[in-house]
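1. return atomic coordinates for the entry below.
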Amino acid sequence: MTSIDDFKGHIFELYSTPGLTLTDIIAKIEREHNVTATRAVYKNRLKKWGFKRNTSRSEVLTTLREQEDETKIQTFRDPARYEVSNYIKGSFEGKRWKVKDNQSIINSSPNQDTEVQVLTTFLTDIETGCSNFAMGNGYNGGLYWRKAFDNIEHLVRGDYHDHLLNIVITINDLKERGYSSVAELLKSYASQLGRHKQPSEGHIRALIYRELGNASLDQMPHLEEIIIACFVELFERYLGDYCYNSFVMHMNMARRRLRLGDWVDLTDVLPALSVLDHKFAVSDRRPLDVIRVRVETLFKRKKYLEVIEHSRSLVERAELIGTQDDPWQRHYFSIKGFYYMGMSLFSLEKYEEAHIILSKCFDLIEKFYTVQHNFALFDSEKVEIVERLYQRSQSGLGDAGRWGAEKEKSQEAISSIDNTVELLEELQIERSENDIVL
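-> The predicted model follows:
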């Protein structure tokens, strides 16, 4: 049954708006969400949630000097935790971050669409670079990474709430994949730009990026955990657990824990599908995202038979989404399911089945790219699909002409990027004797 707890984010936004009385808030929530509750219930919830302003610097100094509140002392002695916490609280309480509804990402930037696209491009270029390295094409991989680096200044200066967290996650991910030199360069570059290229209102972000620069690569997983924990705690406080944004932060924490090692049990970390199915729907993106993370993790652990099983479930659920309801989500999760299903079949040397599934996945990606703002999102998957299908076509399976042409198209797409020797040396990428200078 729906309650006012499900609309915590909207209630907070109204509660912090000058001039609105509790009566106004109750009426607005009832009118917009069809939820009824008494004044006593509202007062009880507001007290329970305990919305407060940012802790002032003077309070920090007083707490440390008087040595009375051990919890606060430990918080303030950890500069990264303190600055990130203040950044999030200040953004919500200053109404720079606003909740739209429980199903949408919060509005955290006046240029949100552009900043989301920049972030997506950055992450895709990093991942596509990794895919090229995995396929033995380190030169192209380096070019994609260099292209990603071109967007870092836009990310650190941007207001979108997911930039900081994704930069830190990417640094750790690169290190875990064995690209420590690139991870170190990304950390250094982001820290320098984040400290010195902020607009006047970005002072607190500059302090956070300073802490990023102070941390070693070995300390970065701990810093990531601190940042995610702050986001989880404060999104839950300001938005409630029904809001999709809170779920996203919990999934970030789950992924962090799963990266600790193959010994981590997925059922101990990921939300239960039965609970999400009951609370939302079997085709809601929350349970679909849980299955996606399960599939990605099992694939990394080389549990290919389990990957195939869960990938089929992901595709079946995605196809329950009406083509007119949310075609973006339908295509996104279908592509993910077919990709991991096909790659697992390929790893199991079931090449004919893999060819059928991966070809279908490629066609879905091409169709997905015809929708506005979707270009390049699955470029890393395309690199791996084309390379594998091209390899098998040389053995007589599939259309060698088609996949050879797709390889050439991929090369043309990256050829416009500056690929001078100096540029590659900046990323510490060595050009092999077989690499072609475009």
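2. how near is the closest residue to Ser393 other than its chain neighbours to Val386?
-> Across the structure, with C-beta to C-beta, 6 or more residues apart in numbering as the measure, the residue nearest Ser393 apart from its sequence neighbours is Ala400 (3.8 Å). Glycine gets a C-beta too; all of them are placed from N, C-alpha and C. Here the criterion is C-beta to C-beta, to the nearest Å. By it, Ala400 lies 12 Å from Val386.
3. please say which of the two ends up with more neighbours.
-> Each of Ala400 and Val386 had its neighbours counted (other C-beta atoms under 10 Å), and the higher figure belongs to Val386 (21 against 15).
4. number of residues surrounding the nearest residue to that one once chain neighbours are set aside?
-> Of all residues not flanking Val386 in the chain, Glu406 sits nearest, at 4.6 Å (C-beta to C-beta, 6+ apart). Close neighbours of Glu406, defined as other C-beta under 10 Å, add up to 20.
5. got the contact list for Glu406?
-> Contacts of Glu406 were listed using C-beta atoms under 8 Å, 6 or more residues apart in numbering, and they are Phe362, Lys382, Val386, Tyr390.
6. elements contacting the helix or strand Ile25 falls within?
-> Element membership of Ile25 [criterion: DSSP states H and E] is helix 22-33. In terms of contacts (3 or more C-beta pairs under 8 Å, 6 or more residues apart in numbering; DSSP states H and E), helix 22-33 is packed against helix 8-15, helix 39-49.
7. now find how far off-centre that helix is within its chain.
-> Taking C-alpha atoms, centre = their mean, to the nearest Å, the mean C-alpha location of helix 22-33 is offset from the chain mean by 33 Å.
8. and stretch 133-153, by the same measure?
-> Averaging C-alpha coordinates over stretch 133-153 and over its chain gives two centres that are 19 Å apart (C-alpha atoms, centre = their mean).
9. shift numbering so it begins at 231
-> Sounds good: first residue 231 from here, last item stretch 363-383.
10. buried residues in it, which are they?
-> Judged by neighbour count using 16 or more other C-beta atoms under 10 Å, the buried positions of stretch 363-383 are 363, 365, 367-379, 381-382.
11. what of stretch 236-254?
-> Asp236, Phe237, Lys238, Gly239, His240, Ile241, Phe242, Glu243, Leu244.
12. looking at these, which is nearest Leu276?
-> Distance to Leu276, by C-beta to C-beta, is smallest for Ile241 among the buried residues of stretch 236-254, at 7.9 Å.
13. ok now do that closest one, which residues does it touch?
-> Shown here is Ile241, whose contacts under the criterion C-beta under 8 Å, 6+ apart are Ile234, Ile255, Ile259, Tyr272, Arg275, Leu276.
14. can you check Ser574 too?
-> Listed by C-beta under 8 Å, 6+ apart, the contact partners of Ser574 are Phe529, Tyr534, Leu535, Val537, Ile538, Ser541.
15. can you tell me how far the closest residue to Ala378 other than its chain neighbours is from Asn402?
-> Beyond its immediate neighbours in the sequence, the residue positioned closest to Ala378 (C-beta to C-beta, 6+ apart) is Asp355, lying 3.7 Å away. Distance check for Asp355 against Asn402: by C-beta to C-beta, it reads 17 Å.
16. higher neighbour count, these two?
-> When Asp355 and Asn402 are compared for neighbours, Asp355 comes out ahead with 24 against 19, by other C-beta under 10 Å.
17. read off the pLDDT value for that one.
-> According to the prediction, Asp355 has pLDDT 92.
18. where's it, which helix or strand?
-> Counting by DSSP H and E, the element that carries Asp355 is helix 342-364.
19. okay, the angle between the helix or strand immediately after that helix in the chain and helix 342-364?
-> Using DSSP H and E, the helix or strand that follows helix 342-364 towards the C-terminus is helix 368-379. Using axes from the mean of the first three to the mean of the last three C-alpha atoms, to 10 degrees, the direction of helix 368-379 lies 160 degrees away from that of helix 342-364.
20. go through the helices and strands packed on helix 252-263 and name the closest to Gly552.
-> The minimum distance between Gly552 and the helices and strands packed on helix 252-263 falls on helix 238-245, with 26.5 Å, by C-beta to C-beta.
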